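[1] mind looking at a prediction? Sequence and model below.
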Amino acid sequence: MKSDPVVSVVRLNGMIASGPRGLSDDGIAPVLEKAFSRGKPKAVAIVVNSPGGSPVQSSLIGARIRRLAQEKEIPVYAFVEDVAASGGYWLASAADEIWLDQASVVGSIGVISAGFGLHELIEKHGIQRRVYTAGKSKSMLDPFRPEKTEDVERLKRILEQIHQVFIDHVQSRRANKLPEDQDMFTGEIWVGEKAVDVGLAEGIGHLVPKMKEVFGDKVRLVPYGPRRSFLQRFGANVVGDMVHGIEERAQFARFGL
């Protein structure tokens, strides 16, 4: 008997970071493995809602999606909700097609590093900073010491290298779809139709109607997600969850969300 087509659905939600609370490769790996393997799916749909985060975790998750897609010969569709910016767009561009809402924010193809300079504050309070290192670069960008020009230049070189990895990924995934006369890698963001116009997505479309359009009205959408631990289910780790929530809220706020 011929069964109805199945599409596996995986949500990639929140700030991308290693650890139990962030969206990480270690946490999402078993979910992706099941989504690509169980029930002979016709496709895998990833629902992305992320302001970005760790470039390494973004790269690992994106590479895993591509590896599984190629091994199983299964197409991948990305559906962006509020935002797929920075690392979030890295994840979305791992799909074969990207679909947006009219108000979805995408882009921010860049790399950022931020911190604080506190050396004047501790001097004001009579606090003396003592640092001993083996290796002249070991205390690079120490926030309790005055900023050094050579440290800033070194950091910029690192950021440029990571930025180039991001650019290479997007160019390889969106080949021949990006405009040749516009620099898409300045960190700028686009919304809805404007993002479609510059080649960052295929069009405006939502998960259910788009999958019905592609696979027919009888398509079955099967969700896959990470298993929550006993402590997570009962909210036992309140302080850690609160700190992570504040950090994540700040990341989303960068895009007016």
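    Nice, thanks for sending it over.

[2] quick one: Ser3 from Lys218, how far?
    Separation of Ser3 from Lys218 (C-beta to C-beta, to the nearest Å): 9 Å. C-beta here means a position set from N, CA and C on the backbone, and glycine is covered the same way.

[3] joint contacts of those two?
    By C-beta atoms under 8 Å, 6 or more residues apart in numbering, Ser3 and Lys218 have no common neighbours.

[4] next helix or strand past the longest helix along the chain?
    Secondary structure of the chain per DSSP state H: the longest helix is helix 149-173. Remark: after helix 149-173, the chain's next helix or strand is strand 189-191, criterion DSSP states H and E.

[5] check the offset of that following strand from the chain's centre.
    Put simply, strand 189-191 sits 16 Å off its chain's centre (C-alpha atoms, centre = their mean, to the nearest Å).

[6] given the helix or strand harbouring Val7, what are its sheet partners and their directions?
    Secondary structure from DSSP H and E places Val7 in strand 6-13. With DSSP bridges as the test, strand 6-13 is paired with strand 43-50 (parallel), strand 220-224 (parallel).

[7] pull the CA atoms of the longest one into CSV?
    Taking Å, rounded to 0.1, in the frame of the first residue of the first chain, the C-alpha atoms of strand 43-50 are listed here in CSV:
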residue,chain,number,x,y,z
ALA,A,43,12.3,16.0,3.0
VAL,A,44,13.5,17.6,6.2
ALA,A,45,12.2,21.0,7.1
ILE,A,46,14.2,23.1,9.6
VAL,A,47,12.3,25.9,11.3
VAL,A,48,14.8,28.6,12.2
ASN,A,49,14.4,31.3,14.8
SER,A,50,17.9,32.4,15.9
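
[8] what comes into contact with it?
    With contact meaning C-beta under 8 Å, 6+ apart, strand 43-50 is reached by 7-16, 23, 32, 35-36, 65, 68-69, 74-85, 87-88, 91-92, 94-95, 207, 211, 214-215, 221.

[9] give the rounded mean pLDDT of it.
    The pLDDT scores in strand 43-50 average 96.

[10] which elements pack onto the helix or strand hosting Ala84?
    Using DSSP H and E, Ala84 sits within strand 76-85. Other helices and strands packing on strand 76-85, by 3 or more C-beta pairs under 8 Å, 6 or more residues apart in numbering; DSSP states H and E, are strand 43-50, helix 87-92, strand 97-100, strand 105-107, helix 207-215.

[11] which of those sits closest to Gly192?
    Among the helices and strands packed on strand 76-85, strand 97-100 comes nearest to Gly192, with 5.9 Å by C-beta to C-beta.

[12] strand partners of the closest one, parallel vs antiparallel please.
    Its sheet considered, strand 97-100 pairs with strand 76-85 (parallel), strand 203-204 (parallel) by DSSP bridges.

[13] from those, which stretch is densest packed?
    Scoring those by mean neighbour count under mean count of other C-beta atoms under 10 Å gives strand 76-85 as the most buried, with a mean of 25.

[14] any idea of the mean pLDDT for it?
    Across strand 76-85, the average pLDDT comes to 96.

[15] so how far is that strand from its chain's centroid?
    With C-alpha atoms, centre = their mean, you get 10 Å for strand 76-85.

[16] stretch 187-194 now?
    Worked out by C-alpha atoms, centre = their mean, stretch 187-194 lies 16 Å from the chain centre.

[17] give me the buried positions along that stretch.
    189-192 (16 or more other C-beta atoms under 10 Å).
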